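>>> got a sequence here, can you model it:
(chains A, B and C)
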Amino acid sequence: MNFPADLKYTKSDEWVRVDANADTATLGISDYAQNALSDIVYVELPSVGDAFQKGDSFGSVESVKAASDVYLPAGGTITAINEALSSTPEVVNSDPYGQGWMVKWTLSKLSDLDGLMDAAAYQKYCDERKQ
Amino acid sequence: MTEPLIYDLGRPGRTGVSLPDPDVPETAFPADLVRGELDLPEVDQLTVVRHFTRLSKLNYSIDQNMYPLGSCTMKYNPRINEDVARLPGFAASHPLQDPDTVQGNLALMYQLQEWLKEIGGFAAVSLQPAAGAHGELTGVLMMRAYHLARGDAKRDKILIPNSAHGTNPATTSMAGLKVIELPSDDRGNVDLTALRAACDDTVVGLMITNPNTLGLFEEHIEQVVEAIHGCGGLVYGDGANMNAMVGVARPGDLGVDVMHYNLHKTFSTPHGGGGPGSGPVGVSQRLADFLPAPVVGMVEEGEDDEPPRYGFIVPKDSIGRVKAFNGNFGMHVRAYTYIRVHGASGLRGNSENAVLNANYLLSKIRRHYHVPYDRVCKHEFVMEGVWPDAPGVHALDISKRLMDYGFHPPTNYFPLIVHEALMIEPTETETRETLDTFADVLLKIAEEAHTEPDLLTGAPHITPVARLDEVSAAKQLVLCCRPIPAWAEA
Amino acid sequence: MSYYLHTETDRTEMLAAIGAKSIEDLFADVPARVRFPKLDVPDPLSELETMRELLDLSESNAEAQHSPMFLGAGAYYHFSPSLVHQLILRGEFLTAYTPYQPEISQGTLQAVYEYQSMICALTGMEAANASHYDGATSMAEAVIMAYSHGREKRKKIVLSPAIHPQYREVVRTYTQGMGLSLVGDEDPENDLPDLVKRLDQDTALLIVQSPNFFGQIENLEGVAEQAHAVGALLCVAADPISLGLLKPPGLFGADIVVGEGQSLGIPLSYGGPYLGLFATRKEYVRKMAGRLVGEAHDKNGQRGFVLTLATREQHIKREKATSNICTNQGLMAMAATLYLSTLGKHGLRKVAELCWHKSHYAAQRIAELPGYEVDTSKPFFKEFVVRCPVSVAEINAHLFNEWDIIGGYDLSNDYANLPNHMLLCVTEMNTREEIEALVEALGEITTG
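You can find the predicted model right below:
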């Protein structure tokens, strides 16, 4: 399983890439999550301009056998959504950290992300759950 | 061989029935109200009969062979039930007729209410809910209403074991309440310690299935009920597994406050490819006033030669109506017939045989499949569909391979607390020979899993279609074979 | 009797294989104090005697085959071709389980797919589910769906007072734990323009029935636009027979169409089992409850059908499911499919026309009777309202006792502003002779 070192991870299996300006970030679901769901058939995304609080669910990911809510670990406003996912949701399986990105948003409070795990901690968290 | 769609079997101008011309003077249609097109098939009657006859041959059914589906109780659907339900006096009576013109129907419903009360140990019954899940919603709404009527508005939680059927938490959400999930212990019971810890004055009640979805009788049921009642909560019994209990024990005697019955499981009404069902609810005395309106009551006692007169009664604090009209009356007729034919001794005999059959089957396969709980089961049992020394083979593959041997698979991946679960319920109407054959097939498949696993992972091989690509189906989402009319595409 | 009882030898050998001494041992974990109660249920009865008993019970009822029926109000006496009940009696359909294992359920799955397609064609919508319990519970599910679509932020539902009273009751029962406000039907005189005035940013759904409970065809022109303008959805409840003749709700921009499918070949059966129709636009499909069949292909490229979007349902989403529905009305959907296939485009239109002509003829003849007034303020289909010279109870007693006719519905049961008002229904099953007899019977009561 792949967990890029430059990303942060949540306990609900989302990854976050904070932009250099530290005002905006990108989010998707991790390799562990896409693997658990298996073939993804649908991604429900919010609209650009929607505002959320820290911990809110903004959308969901569906496979044939399961559906998972996806959460925003920091409050803010959506600035972009990955429209390609409506026609090719399977990209979340094949490239979860690249083409499989879901939303970009402006962070209302950067410190909201303080509790997130780095790649090593997240790897450990995933290993614990596999048992 | 694919069977064409009914639309593709038609030709312009054809129709399947003749209808008379109007025998009255005609009235003009207002042109602005009449539709321009009506996109329905144009097929002759014989083609309709052939099409659906051919479709029927693609189906497995109880009439063909056993369904070992846990918690579904796929017992024989007696044919007498179908004839009785079609008697014109029942089939052509209108739900809003003056009660005095349908005393036969009301007498039947009243008697069924009485028998269900007796079988479940309840004070009152409503026949209105149309299915088990519908009965669950009715029951949970009654529990909620009961507390509100007592002036207690702070209860908002329902406790549910993690082995529960998905309808239980779904129902709870529909009623506007929160789900608190309880773990199970290592003997398959709901964890009594966790349950006691969760009991407080914010709990509306508990939803419990007994025997549970592992096919095991809740060994601490009396303490469970005591704990819930002790904190002021109510106990909801999911009656899906009543096939192990009729004549054996009455949920009402154990303290259950409200329970739904599944007439399409325990009481033999047919599954019909997905319904209709019927989910009457029985309640203890303290919930009787909250039943959905109306229930059937005796409005005049009978005397000497005069039969009693029946009518509809609205319970004092009713939660309201849960369905239009009177419930699935056609299923009430069938269940009544089933109870009448079997009688008290037959009903108990069915439960005993259901449990005997399940334990017998269990004894034959337990050396070859891992069964997580070392207990006598009731009418069903759960086993794991994996072996550590047969990697790559899962419960799904075992299920699909069973089809090649002429059997419908058991319930898959439920309950969630057993890994790669296969839940098996033979019911009482299977002969010993069928059980022996089924056990032999399971053993053969266990052997194949270790020697020729491709036979399982590539199964089924001899069914009308092979495994279907459900992923593409969900992505492409083709739900309708007709073109969407231009005016609908905005 | 039971349908199968093991022989003594079987029982002994099976118990030995299990390692139990007696059947009672298998119930040792049931608390002794409640075990093996004596049930006060009669002794077994042979099938022969049971049939005789039930025949007697059934024959103490009046019913539509023997007494001309003019009662509708949400359940209707319509023609059902013989093949409908005969084909659903085939064991492969009758005794089949829910099609969770598609490889051995293609019969049920394809029939449901065809059903979904025909319901879409009838209602002018893009996706239909495999059924709800009945028209009333379909309407309740439409409310839940609209509430979910509005992210549970919009709490108001506007409903017409001309919707079937029992449907509105069911909607209120279903939603009693959801904190919604249901308005619009408190005044029986509220018409569509009045209801449209109640639409606002807090409205999740506007519900209208057409033909309405009184048989009147509502003017839906522009209504969807008004609902959409405030961000609300429009749900229209429609009688499927009427859709054989009238413009479908989809044409008027409805977002959800619900209705009672009992008229499609399903017997009256004293109120059930019936068939809840439910159809919507493709964009809302993921919020729709109930089973859905979709087209699929197997590894050999062969076309088949599967249950799809199961992630909406209770067995996967559990407490987050759109609805708790599991068992629905599968065999009734099958009956409707057979009915619609047999009648088809031409037959359904003809049935609708017969209902139209016969009900209008009856209305004209009754309007000629002194003391009776027929409401013709709006065009009607199949049913119309008659103001009678005396109470409907009295009229119906006269009709039944003197003429063996089952009269129409007493509207004073549900509408205080309509005393002495009867809802009369005429279908293709009512002959001219029956209509003339009804008129003559009513003519015998002209004053109080």
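>>> does C:Ile144 touch C:Thr322 like I think?
Yes - counting by Cβ atoms under 8 Å, C:Thr322 is a contact partner of C:Ile144 at 7.1 Å. (Each C-beta comes from the backbone N, C-alpha and C, glycine too.)
>>> who touches both of those two?
Common neighbours of C:Ile144 and C:Thr322 (criterion: Cβ atoms under 8 Å, 6 or more residues apart in numbering or on different chains): C:Ala289.
>>> ok, the closest residue to chain C within chain A to C:Arg151 distance?
Nearest to chain C in chain A, going by Cβ to the nearest Cβ, is A:Ala67, at a distance of 3.9 Å. A:Ala67 sits 17 Å away from C:Arg151, going by Cβ to Cβ, to the nearest Å.
>>> with C:His6 instead?
57 Å.
>>> now do the helices in the stretch 251-400 of chain B.
B:329-365, B:395-404 (DSSP state H, counting those that start in this stretch).
>>> same question for chain A.
Applying DSSP state H to chain A gives helices spanning A:31-37, A:91-94, A:119-130.
>>> nearest to chain B, out of these?
Closest approach to chain B among these (Cβ to the nearest Cβ): helix A:91-94, 10.3 Å.
>>> which secondary structure element contains C:Val41?
Element membership for C:Val41, per DSSP states H and E: none, as it lies in no helix or strand.
>>> state the pLDDT value of it.
On pLDDT, C:Val41 comes in at 97.
>>> sticking with B:Leu422, tell me its helix or strand.
In the assignment (DSSP H and E), B:Leu422 maps to strand B:421-424.
>>> do that strand and chain C meet?
No - using Cβ under 8 Å from any Cβ of the partner chain, strand B:421-424 stays clear of chain C, coming no nearer than 12.7 Å.
>>> which neighbouring elements make contact with the helix or strand following that strand?
As assigned by DSSP H and E, the chain's next helix or strand after strand B:421-424 is helix B:432-451. Contact here means 3 or more Cβ pairs under 8 Å, 6 or more residues apart in numbering or on different chains; DSSP states H and E; on that basis helix B:432-451 packs against helix B:329-365, helix B:395-404, helix B:454-457.
>>> now do helix B:432-451 against helix B:395-404, angle only.
Helix B:432-451 and helix B:395-404 are oriented at 130 degrees to each other (axes from the mean of the first three to the mean of the last three Cα atoms, to 10 degrees).
>>> which residues are contacting the strand holding B:Leu422?
For strand B:421-424, contacts defined as Cβ under 8 Å, 6+ apart pick out B:68-71, B:213, B:215, B:358, B:361, B:369, B:380-385, B:395, B:398-399, B:409-415.
>>> neighbours of residue 126, how many?
Just so you know, I chose chain A. Around A:Cys126 sit 20 other residues, with neighbours defined as other Cβ atoms under 10 Å in any protein chain shown.
>>> to clarify, I was referring to chain B.
B:Ser126 is flanked by 29 other residues according to other Cβ under 10 Å.
>>> for residue 4, which non-adjacent residue is closest in space?
In the absence of a named chain, chain A is used. Spatial nearest neighbour of A:Pro4, excluding adjacent residues (Cβ to Cβ, 6 or more residues apart in numbering or on different chains): A:Tyr97 at 5.6 Å.
>>> actually chain B
Nearest residue to B:Pro4, sequence neighbours excluded (Cβ to Cβ, 6+ apart): B:His51, at 7.8 Å.
>>> quick one: buried residues of the helix or strand where that neighbour lies?
For B:His51, the element it lies in under DSSP H and E is helix B:45-56. Neighbour counts over helix B:45-56 (16 or more other Cβ atoms under 10 Å in any protein chain shown) mark B:Gln45, B:Thr47, B:Val48, B:Val49, B:His51, B:Phe52, B:Leu55, B:Ser56 as buried.
>>> over to stretch B:277-295?
For stretch B:277-295, burial by neighbour count (16+ other Cβ under 10 Å) applies to B:277-284, B:287-295.
>>> check stretch B:204-223 too.
Using 16+ other Cβ under 10 Å as the test for burial, stretch B:204-223 gives B:204-221.
>>> just stretch B:69-85 next, same as before
Buried, per 16+ other Cβ under 10 Å, within stretch B:69-85: B:69-78, B:80-82, B:84-85.
>>> before we move on, the earlier item: could you report the distance from the residue nearest to B:Pro4 to chain A?
Applying Cβ to the nearest Cβ, to the nearest Å, the value for B:His51 to chain A is 29 Å.
>>> overlap between the buried residues of stretch B:69-85 and the residues near chain A?
Filtering these for proximity to chain A (criterion: Cβ under 8 Å from any Cβ) leaves nothing.
>>> which one of those is nearest C:Pro188?
Ranked by distance to C:Pro188 (Cβ to Cβ), the buried residues of stretch B:69-85 are led by B:Ala85 at 37.3 Å.
>>> can I get the buried residues of helix B:45-56 in CSV with pLDDT and distance to B:Met331?
Shown next, in CSV, are those (pLDDT from 0 to 100; distance: Cβ to Cβ, whole Å):
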residue, pLDDT, distance to B:Met331
B:Gln45, 98, 29
B:Thr47, 98, 32
B:Val48, 98, 27
B:Val49, 98, 27
B:His51, 98, 28
B:Phe52, 98, 23
B:Leu55, 98, 24
B:Ser56, 98, 22
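>>> in TSV: those, plus distance to C:Met288.
Below are the buried residues of helix B:45-56 laid out as TSV (distance: Cβ to Cβ, whole Å):
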residue	distance to C:Met288
B:Gln45	33
B:Thr47	32
B:Val48	29
B:Val49	32
B:His51	27
B:Phe52	26
B:Leu55	25
B:Ser56	28
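>>> closest to chain A among the residues you listed?
Relative to chain A, the closest of these is B:Leu55; by Cβ to the nearest Cβ it sits at 24.6 Å.
>>> quick check: closest non-adjacent residue to the closest one.
Leaving aside its chain neighbours, B:Leu55 sits nearest to C:Gly107 (4.2 Å; criterion: Cβ to Cβ, 6+ apart).
>>> the strand or helix carrying that neighbour: how far from the chain's middle?
Secondary structure from DSSP H and E places C:Gly107 in helix C:106-123. Remark: helix C:106-123 is offset 17 Å from the chain centroid, using Cα atoms, centre = their mean, to the nearest Å.
>>> how about stretch B:266-285?
6 Å.
>>> report whether that stretch contacts chain C.
Yes - applying Cβ under 8 Å from any Cβ, one finds stretch B:266-285 touching chain C at B:Pro270, B:His271, B:Gly272, B:Gly273, B:Gly274, B:Gly275, B:Pro276, B:Gly277, B:Ser278.
>>> close to chain A: what parts of the stretch 201-350 of chain C are there?
Residues of the stretch 201-350 of chain C found near chain A (Cβ under 8 Å from any Cβ) are C:Arg286, C:Ala310, C:Thr311, C:Ile316, C:Lys317, C:Lys320.
>>> let me know the closest of these to B:His264.
Taking Cβ to Cβ as the measure, B:His264 sits nearest to C:Ala310 out of those, at 20.6 Å.
>>> name the nearest residue to that closest one, ignoring sequence neighbours.
Leaving aside its chain neighbours, C:Ala310 sits nearest to C:Ile316 (5.8 Å; criterion: Cβ to Cβ, 6+ apart).
>>> mind listing residues that contact the strand or helix carrying that neighbour?
Element membership for C:Ile316 (DSSP H and E) is helix C:314-317. Contact with helix C:314-317 is made by A:65-67, B:133, B:165-167, B:169-170, B:414, C:310-311, C:321, C:323-326, as judged by Cβ under 8 Å, 6+ apart.
>>> redo that, cut-off 6 Å
By Cβ atoms under 6 Å, 6 or more residues apart in numbering or on different chains, the residues outside helix C:314-317 that reach it are B:Gly166, B:Thr167, B:Ala170, C:Ala310, C:Ala321, C:Asn324.
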